[in-house]
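A.B. asks: My questions concern the predicted model and sequence given below.
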Amino acid sequence: MAKHRIYTSSFASVYPFYVAKAEKKGRTKTEVDQVISWLTGYGQNELEAQLEQGTDFETFFAKAPKINPSRTLITGVVCGVRVEDVKEPTMREIRYLDKLIDELAKGKAMDRILRKSAS
């Protein structure tokens with residue numbers, strides 16, 4: 001079965017849409033970066049390097065320094081798909097990120113988005 005085309009899309013090509021979605025709802029690029037860092041373990045410099053290199057989604061998640069174990073607490077529907085039911089690991093990571101960005105844009109408190117009360 002062929003890979004979904006998002007796997008080979010550069011993370012940098014989608015990142016501006018994450019930021020725009022958040023900013024449209026009064027959130028900041030810094031908060032978007034914080035969410036990405038929480039999920040993947042990339043520091044700010046590492047994240048910027050990934051963006052500059054045009055790293056694809058599959059590699060972005062495969063080479064993430066420290067995928068957050070609390071990400072399994074992320075549940076709900078994004079793009080009509082229940083996040084916790086996604087079987088393919090890379091697609092699940094992408095959906096986790098989509099869900100976090102949605103929560104950010106919906107105005108949830110950062111502590112709730114980053115699942116701090118559950119850790």
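C.D. replies: Great, that's in hand.

A.B. asks: Just the element for the residue nearest the centre of the chain, please.
C.D. replies: Geometric centre of the chain, nearest residue: Leu97, 2.3 Å, by C-alpha atoms, centre = their mean. Element membership for Leu97 (DSSP states H and E) is helix 89-105.

A.B. asks: Likewise for Pro16?
C.D. replies: If you go by DSSP H and E, Pro16 is part of helix 11-24.

A.B. asks: and the angle for that helix with helix 89-105?
C.D. replies: Between helix 11-24 and helix 89-105, the angle comes out at 20 degrees (axes from the mean of the first three to the mean of the last three C-alpha atoms, to 10 degrees).

A.B. asks: and helix 11-24, what other elements does it pack with?
C.D. replies: Applying 3 or more C-beta pairs under 8 Å, 6 or more residues apart in numbering; DSSP states H and E, we find helix 11-24 packed against helix 29-40, helix 44-53, helix 57-62, helix 89-105. Where you see a C-beta, it was placed from the backbone N, CA and C, and this is true even at glycine.
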